[in-house]
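K.L.:
Structure of the sequence below:
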Amino acid sequence: MTSRTARRPVLFDHDGALDDLLSLLLLTQYDTVDLRGVTVTPADCLPAPALSATRKILELTGLPHVPTAVGELAGRNPFPLVWRVDALRVDALPVLNRREPATPPVAPSTTTAAGPPAGALPAHERLAAWLLEAGEPVTVLATGPLTNLAWCLDHHPEVEARIEEVVFMGGALDVPGNVDQPGHDGSAEWNVYWDPEAAKRVFDSSLPITLFPLDVTDRVPVTTAFAHAFGRHYGKPLSDLAGSLLALTFGTLETTGLPYCCWDSLTTSYLAEPGICDFDVVHCDVVTEGAGQGRTVRDAAGRPVRSAVAVDPDRFYRHCLDVLTR
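P.N.:
Below you'll find the model as predicted:
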């Protein structure tokens, strides 16, 4: 493992939902993280506004040089459209539109032996190129489905040696899933359900995986107190954006019956403050067919993953406030 006295090189693969974008905001503020690139998977978002919001957040935080790419690979089970439009709302927030963006929607990059400029490559190919170009092992933070990474493993198996750790928000081990779709038994979590084969491919690799399943991430809901706490710092762009992202989650419980939780931002906080969660080794596998497709199951013969098993919610909320209001 890389020494944590150095900045950890990170590639961030997200799918453009509210908590994914809050995760990006956190990542930009971690002095322990060297953000090398960001890819957008077209899962829980409309890809164009999700990419645009991503670029604007990088502009806002002084990181316009970080390259980005948008995905084109589709999973088997699409997210509901009513969820995917959140990126449209974020892209229109005044705090992200105080001036015209200084960079194009996809950051330019010099041509390398791994391929043409970043703007010419879709996310899965761009992720592979970044990994192949990496001069040191890289952490892949995935807060959306694992489709892009699975493609990299299939088409460029040598990238496996370039990855130090996969930090993944996904799965539900000992709790019900959050998928409520006709013909499904409700046991799966959406990031795995969107593309079960991709999750299975990554889990079947030898990559070190640190998993943040619903068992833990559901314990950090977006509370009124947490969202309102950012209001006391009104006038600071980062806290204004964080508070707006949290405010946009309100109404989720009333319309879906499920609370909105800090699934992705808790996962992201691990890169800066791993002590927020406790971990244990869990052997598990991914179901790819039938009424339970996308389910992550405990299996004594399955692959070992390092899974978060407990969380200190108050410490997590304090962490977010400290990082985004300082």
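
K.L.:
Can you list the low-confidence ranges for the stretch 1-150 of the chain?
P.N.:
1-5, 101-120 (pLDDT under 70).

K.L.:
What segments of it are helices?
P.N.:
Here the stretch 1-150 of the chain has its helices, by DSSP state H, counting those that start in this stretch, at 18-29, 47-60, 81-84, 86-91, 123-133, 147-155.

K.L.:
Equivalent analysis for the stretch 201-326 of the chain, please.
P.N.:
Going by DSSP H, counting those that start in this stretch, the stretch 201-326 of the chain shows helices at 214-217, 224-229, 237-247, 252-256, 263-269, 313-325.

K.L.:
Same list (those helices) but as JSON lines, adding mean neighbour count and mean pLDDT.
P.N.:
C-betas here are computed from N, CA, C, even on glycine. JSON lines is the format used below for the helices of the stretch 201-326 of the chain (neighbours: other Cβ atoms under 10 Å; pLDDT from 0 to 100):
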{"stretch": "helix 214-217", "mean neighbour count": "24", "mean pLDDT": "98"}
{"stretch": "helix 224-229", "mean neighbour count": "14", "mean pLDDT": "97"}
{"stretch": "helix 237-247", "mean neighbour count": "22", "mean pLDDT": "97"}
{"stretch": "helix 252-256", "mean neighbour count": "12", "mean pLDDT": "87"}
{"stretch": "helix 263-269", "mean neighbour count": "27", "mean pLDDT": "98"}
{"stretch": "helix 313-325", "mean neighbour count": "17", "mean pLDDT": "97"}
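
K.L.:
re the thing from before, turn the helices of the stretch 1-150 of the chain into CSV, including distance to Asp322.
P.N.:
Output for the helices of the stretch 1-150 of the chain, formatted as CSV (distance: least, Cβ to Cβ, whole Å):
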stretch, distance to Asp322
helix 18-29, 10
helix 47-60, 19
helix 81-84, 29
helix 86-91, 23
helix 123-133, 30
helix 147-155, 31
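
K.L.:
Of those helices, which is nearest Ala6?
P.N.:
If you check each of the helices of the stretch 1-150 of the chain against Ala6 by Cβ to Cβ, helix 18-29 wins as the nearest, at 16.5 Å.

K.L.:
Now do the closest one: which elements does it pack against?
P.N.:
Using 3 or more Cβ pairs under 8 Å, 6 or more residues apart in numbering; DSSP states H and E, the elements in contact with helix 18-29 are strand 8-14, strand 33-40, helix 47-60, helix 86-91, helix 237-247, helix 263-269, helix 313-325.

K.L.:
Report the distance from the shortest one to the chain centre.
P.N.:
Okay, so that is helix 86-91. Distance of helix 86-91 from the chain centroid (Cα atoms, centre = their mean, to the nearest Å) equals 16 Å.

K.L.:
Over to the first one?
P.N.:
Computed by Cα atoms, centre = their mean, the chain-centroid distance of strand 8-14 equals 9 Å.

K.L.:
relative to strand 33-40, how tilted is that strand?
P.N.:
Strand 8-14 and strand 33-40 are oriented at 20 degrees to each other (axes from the mean of the first three to the mean of the last three Cα atoms, to 10 degrees).

K.L.:
now the angle from strand 8-14 to helix 147-155?
P.N.:
Using the same axes, to 10 degrees: strand 8-14 against helix 147-155 is 110 degrees.

K.L.:
Okay, now the sheet partners of strand 8-14, with direction.
P.N.:
Paired neighbours of strand 8-14 in the sheet (DSSP bridges): strand 33-40 (parallel), strand 138-142 (parallel).

K.L.:
From Thr143, how far out is Asp264?
P.N.:
4 Å (Cβ to Cβ, to the nearest Å).

K.L.:
Common neighbours of those two, please.
P.N.:
Shared contacts of Asp264 and Thr143 (Cβ atoms under 8 Å, 6 or more residues apart in numbering): His14, Asp19, Asp20, Ser23, Met169.
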